[in-house]
Structure formats: structure tokens, C-alpha cells
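Trainee: build me a structure from this.
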Amino acid sequence: MLLTRIKGPRDLDRLSQEELDQLAAEIRSFLVDAVSKTGGHLGPNLGVVELTIALHRVFDSPKDKVLFDTGHQAYVHKLLTGRQDFAGLRTKNGLSGYPSRAESDHDVIENSHASTVLGWADGLAKANEVLGREDHHVAAVIGDGALTGGMAWEALNNIAAAKDRPLVIVVNDNERSYGPTIGGLANHLATLRTTDGYERFLARGKEILERTPVVGKPLFETLHGAKKGLKDFIAPQGMFEDLGLKYIGPIDGHDIEALESALQRAKRFSGPVIVHCLTQKGRGYTPALEHEADRFHAVGVIHPDTGLPVKTAAASWTSVFADEMVKLGHEREDIVGITAAMLHPVGLNKFAEAFPNRIYDVGIAEQHGATSAAGLATGGVHPVFAVYATFLNRAFDQVLMDVALHKCGVTFVLDRAGVTGDDGASHNGMWDMSILQVVPGLRLAAPRDAEQLRAQLREAVEVKDAPTVVRYSKGVVGPAVPAVGRIGGMDVLRRPADEVTRPDVLLVSVGALAPMCLEIADLLDKQGISTTVVDPRWVKPVDEALAPLADRHRVVVTVEDNGRTGGVGAAVSQALRDAGVDVPLRDFGIPQRFLDHALRKEIMAEIGLTAPDIARQVTGLVAKLDGRYDSEPAAAVD
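Mentor: A predicted model of the protein is given here:
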């Protein structure tokens, strides 16, 4: 096999055109076989095989910086830079599903949030200029979906201002992000894709071009068309050129020879250049091409021949939300849905099918989505903006200043909250309950099971004068956790096994960690430690009944799947201080660091967020209060 002979990008230089085509076929076969066993981003990588080969033949990585927006489409890049052991892809100690500096000097950007690559490219190109590195180049690959993000256009505005600063921008145009790309930019790119008059004109009349005044390098303009007025007459490239960016394309993104030719010419130009490549997401794999929803953007473990899942998926948190949204839609005509280019991943596809005129896909534009939601609420409807928890970070200012300041009734539904695991640091939803604590008036719910998700979603959309947030985990929803009582707005999940005047521990359980907290209580009970377990349901604001309840216990313990700094534990601690309740508090949560990719349960064990670990520490705390800490060791907790 040719692929096994590729240890680094320069090994590509020796291959003939026929061998390059063979290599592309081998890579696609490898990807289908490997990713079907582990799960991962299959469709995007099948679409960029030839493009990645061409990039690494034209640019000299790592001296030249080859950057990928988001990074989920970097599997081919990994294969060509010496990383061909995909057996542990996205698992602990295995390859990351995104670029990783720890893996290779060829990897630069790790953040895996969309629309950022052009900002990175602008900075790297400026650094080359400042340091006089004229033989260093920067090539940034960005999808048409990511170009719907405002940050990309902020960067383009700056890039275009430097007419003589070399930078190659490769638009990987497959008409999709997760699903089909939407909006005015998508329509413009579609026009470019379907306008072949420009290329036909070049083929028929090169002598006309030679008589036309040129701008920039003569060779560049001879090869790439006449001056702007003539170009606009034949094909509408004007959007990019009006920004001051030279444009090459559209190029067949699966023709290595054509791609190399375009990239070489762009590399030689002394300013910023757009290379517009047309690719096919899922190329070469029939099950992906036939999957209209997202062309196998991300898959679990599948049968490689059929593309069907190996295991039937149980009900997920996302599916519970999806079904309840449809019910709400039938009951209330004022409810609308908003998604940031993730209709299917966040579960709004069912709502869109039932109410096509009440769904808004804003593209990869969370900031705009939040502010548009404020406008919708002000106009008299109730928007439900479903987004991954980690992606809400991008819209914090809009949540604060547009939604909350104006007391707009907007509901944000945060999917993939807490530790998500295999997608790595950027996808863990561990920040939201910290950053949202500072938003005045905002109310935040953390449902513990499917029944509570349905109930709290309904409670959230009833709020008309403030933002509400409902957050839940990734994956399968657990069994129902019934309440045995209610104190204030809090559900009591467990009372002490024996009647005691003052129980030892008040355990505050947040969201989906309720089963773990009940297990902790069982372990403490075996140590003779009496425990009350409560679920606040709404963790912001802190329930007024919590402080007097805490005052009737010896110790307060909070357990949350969010960063400890500024999270629910910190809010509870402040509420107790404000109420004059002097009770020791121990907060358990996610440490404030970037967590490596691994299975969720592996990460939870690594950070000590398990029932035995927490019970052991609480046992020690109670023993210290009893005066037994120094005289005798706390009993072990198994």
C-alpha cells in the first residue's frame, strides 16, 4: 500500500499523478474501515482527501502553516503527517479527533470551534511579516459553513487591508456545515458553483484576456481572468474582490492536479488569495452520500458495508427535548426554534418538520442568534435557542446585554452540558453554569431525568420577562429519579435512613448527577453518616429554602458537572454567607483545566467525580467535625 509508505508530507513529492489517485482511494478505504470501528467525523474527511494531499504537496509543513478551521476534517492531515494508528481514535491515550499540538508539530489550532481559522491565519501572516520570514507561508482551510460566522468576516476585513501580505485562504465548499449551509453567502457560493461561463470564456478566448488591462502580477491575472469588470460580467466573484481579495475558482476539489496548480499560483502571489474548491462531503462512501441529513458528519460505531449503527441507540437527552418541543409547538403558536447550523445535532429537526415556518437556522452565528432571539421575544413570540453548552460561550455578551438587560423571554437549551469526553477540551460543556451566574435575572435549570427535562422546559417557556436556561448532558438519558418530598422549589430525593435531630450532610445534587449523589448517600449511610439529598431543579437563583435547610445540617456538599470556579457550589456558598448560615461547605465539580479526550467515565474517574471518591472525602470531613480526624483514620469507602 502507498499509504503505509507515507511517513511525512515530503514523501508525497515522489508520487506520480496515478499514484496520488491511488493514494486518495487508499485513504478513503482506510477512513471508512477505521472510523467505523471507533466513531468520529467521517463525512467531512472523505470530502477533503485530494485537497489535503494537494495542500501538503504545495506547502512545506510545518515550516509553512497549514490550518484547518474547526479541525474535525483533519484526519487526512494526520495520516499524511505520520499518524496512521487510528485504533484508539478519540479514546484515552489515542489520537485526538482534532488537531493536537501534543501529537505533532504539523498541528497548530486545537480549539475546534468554527470560524476562527482566518483570525489565526491573519496573525501568523503578520508574524511572518514582522520577523522577515519571506519563505514562510500560511494556508487556511475554511468551510462554506464556517464562513457564515461573523468572526470569519471580521478576519477577512483585516486580511484584505494588507494587499501585499501573502496568505492563502482555501474555501472548502461542500454546501454544508453539519447540514446544508444556509443564508445569503450560501446563495452566493451556489451561484459561483453553477456559473461555468467564466472558465469557458478563458478556454475560448485567452487572447482577449491578454489584451485586457491587468491588476497585480501579470502571470496571475493572465491565468485567472480579466479585470474585475469583465469577471463580474461572466461570474459573480465580486463579493471577494470587493474586499480586495484575489479569487481563484471554482476548482474541482477532487482533482489533485487542478488543486495543485491553483494552490501553487496562489502561493506565488504577493497578497491574500481565495482558492474556492468544490468538494463532496462523504465522497466515495455510498451510505454517507445517501444520508441527506448530514452526510455522516459524525458517526458512532457502524457497519462499514451498510453504514448502519452496530447498536440501537437508547433514548437520549436530545431526543426527549426534541419530542417535547414538538408538543409545545402544537400547544403554543408563539414558540419558535433557533439553531446555529446544528438542526439535527440539537434535536430541532422534528420541530422544523412540524413547523417549517417557525424555525430559524442562523448559520454558525451564535452571537447573532442570541440577539435575534431578543428581537423575536420583543416582537411577541417565545424563542427556544438550542445550542451546545460550550458554544454558548461565544454569545455571552449577547445573553447579558441584549437578552437579560432588556428582560427578554428567551429560552436557551444547552445540549452536551458537563463532561462530554471523546471530543476533547473544547467540547466539554463545563463553563456555562459559571459564566451565566453573573447574568442578572437569568434562571437556570438542570433537570435530573427525562421527566424533569420535560417539566422544566415547560416552566422555562412560561417566563416572559427574563432569559431562562435548561441544560442537560450528552448521550443516553438515565432512569427516572423520583422525589420523596418538596422543600421550597427543591425536590427531596432522599431523607436520612434514621430520624435524627440534625443530619450530618445536606447533599445538593445538580442535574444528571442525581443517581451518583444517591449512591454517595448510600455509601455514607454505611459509615453511619446521615444524609439528606436534594435536587434544586433551578440552580440559579439559589432557592430561598436552601439556607434554612442547610442550617439544620452539619455539613453541606454540592456536586455538579461544571467547573468549580464560580459554579453552583460557589453560588450556594455565597447564599449561605448572605443568610448568616455558618456551616462547612465542600463543593465537588470539574477542576478548571482543559481536559484531554477520553470516555466520559474515564474523565470522571480521573478528576475524582465518582461516588466512592466523593464519599471518601465527605467521610473524612465528618470525621474531622467529630474530632476523630487526628485520633483515628476515617473508615474506607468501597
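Trainee: what's the burial count for Gly43?
Mentor: 28 (other Cβ atoms under 10 Å). The C-beta positions use only the backbone N, C-alpha and C, and glycine is treated the same way.
Trainee: doesn't His297 make contact with it?
Mentor: Yes: Gly43 is within contact range of His297, at 5.1 Å (criterion: Cβ atoms under 8 Å).
Trainee: which residues are contacting the helix or strand harbouring Ala352?
Mentor: Ala352 belongs to helix 349-354 when assigned by DSSP states H and E. Around helix 349-354, the neighbours that count as contacts under Cβ atoms under 8 Å, 6 or more residues apart in numbering are 293, 322-323, 325-326, 329-330, 337, 343, 358-359.
Trainee: now those residues: which count as buried?
Mentor: Among the contacts of helix 349-354, those buried by neighbour count (16 or more other Cβ atoms under 10 Å) are 322-323, 325-326, 329, 337, 343, 358-359.
Trainee: quick revisit: just the mean pLDDT for the helix holding Ala352, thanks.
Mentor: Helix 349-354 shows an average pLDDT of 97 in the prediction.
Trainee: now that helix, how far from the centre of its chain.
Mentor: 22 Å (Cα atoms, centre = their mean, to the nearest Å).
Trainee: that one: which residues count as buried?
Mentor: So, applying 16+ other Cβ under 10 Å, buried residues of helix 349-354: 349-352.
Trainee: next: stretch 94-114.
Mentor: Buried-residue list, stretch 94-114, by 16+ other Cβ under 10 Å: 94-100, 103-104, 106-114.
Trainee: show me how far that stretch is from its chain's centre.
Mentor: Counting by Cα atoms, centre = their mean, stretch 94-114 is centred 14 Å from the centre of its parent chain.
Trainee: measure it end to end?
Mentor: 24 Å (Cα to Cα, to the nearest Å).
Trainee: go on, stretch 371-391?
Mentor: From start residue to end residue, stretch 371-391 stretches across 15 Å - Cα to Cα.
Trainee: residue ranges with poor pLDDT in the protein?
Mentor: Confidence mapping of the chain against pLDDT under 70 gives the ranges 176-239, 628-638.
Trainee: sheet partners, orientation included, of whichever strand in it runs longest?
Mentor: Looking across the chain with DSSP state E, the single longest strand is strand 555-563. With DSSP bridges as the test, strand 555-563 is paired with strand 505-509 (parallel), strand 585-590 (parallel).
Trainee: right, and those - which one's nearest Leu609?
Mentor: strand 585-590 (6.4 Å; Cβ to Cβ).
Trainee: circling back: distance to Asp582 and secondary structure for the contacts of helix 349-354 - can I get that in TSV?
Mentor: Listed next are the contacts of helix 349-354 as TSV, based on distance: Cβ to Cβ, whole Å; DSSP: H, G, I helix; E, B strand; the rest coil:
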residue	distance to Asp582	secondary structure
Ala293	55	coil
Ala322	46	helix
Asp323	46	helix
Met325	44	helix
Val326	49	helix
Gly329	49	helix
His330	51	helix
Gly337	46	strand
Leu343	50	coil
Arg358	51	helix
Ile359	51	strand
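Trainee: which two of the residues you listed have the greatest separation?
Mentor: Among these, Ala293 and His330 lie farthest apart (Cβ to Cβ), at 23.1 Å.
Trainee: what's the nearest residue to Met516 if we skip its chain neighbours?
Mentor: Ala611 (5.2 Å; Cβ to Cβ, 6 or more residues apart in numbering).
Trainee: got the buried residues for stretch 16-30?
Mentor: Those would be 20-21, 23-24, 26-28, 30, for stretch 16-30 by 16+ other Cβ under 10 Å.
Trainee: on that earlier part again, now the buried residues of helix 349-354 as JSON lines including distance to Lys7?
Mentor: As requested, the buried residues of helix 349-354 are arranged in JSON lines below (distance: Cβ to Cβ, whole Å):
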{"residue": "Asn349", "distance to Lys7": "43"}
{"residue": "Lys350", "distance to Lys7": "47"}
{"residue": "Phe351", "distance to Lys7": "49"}
{"residue": "Ala352", "distance to Lys7": "47"}
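Trainee: between those, which is nearest Ala480?
Mentor: Lys350 (22.4 Å).
Trainee: distance of that closest one from Thr318?
Mentor: 10 Å (Cβ to Cβ, to the nearest Å).
Trainee: Phe269 now?
Mentor: Applying Cβ to Cβ to Phe269 and Thr318 gives a distance of 46 Å.
Trainee: likewise Glu324?
Mentor: Taken as Cβ to Cβ, the span from Glu324 to Thr318 is 11 Å.
Trainee: of these two, give the one with the bigger neighbour count.
Mentor: Each of Glu324 and Thr318 has its neighbours counted (other Cβ under 10 Å); Thr318 has more, 22 against 19.
Trainee: tell me the phi and psi of that one?
Mentor: Thr318 has phi and psi values of phi -60, psi -40 when expressed as degrees, to the nearest 10.
Trainee: quick check: closest non-adjacent residue to it.
Mentor: Gly347 (4.2 Å).
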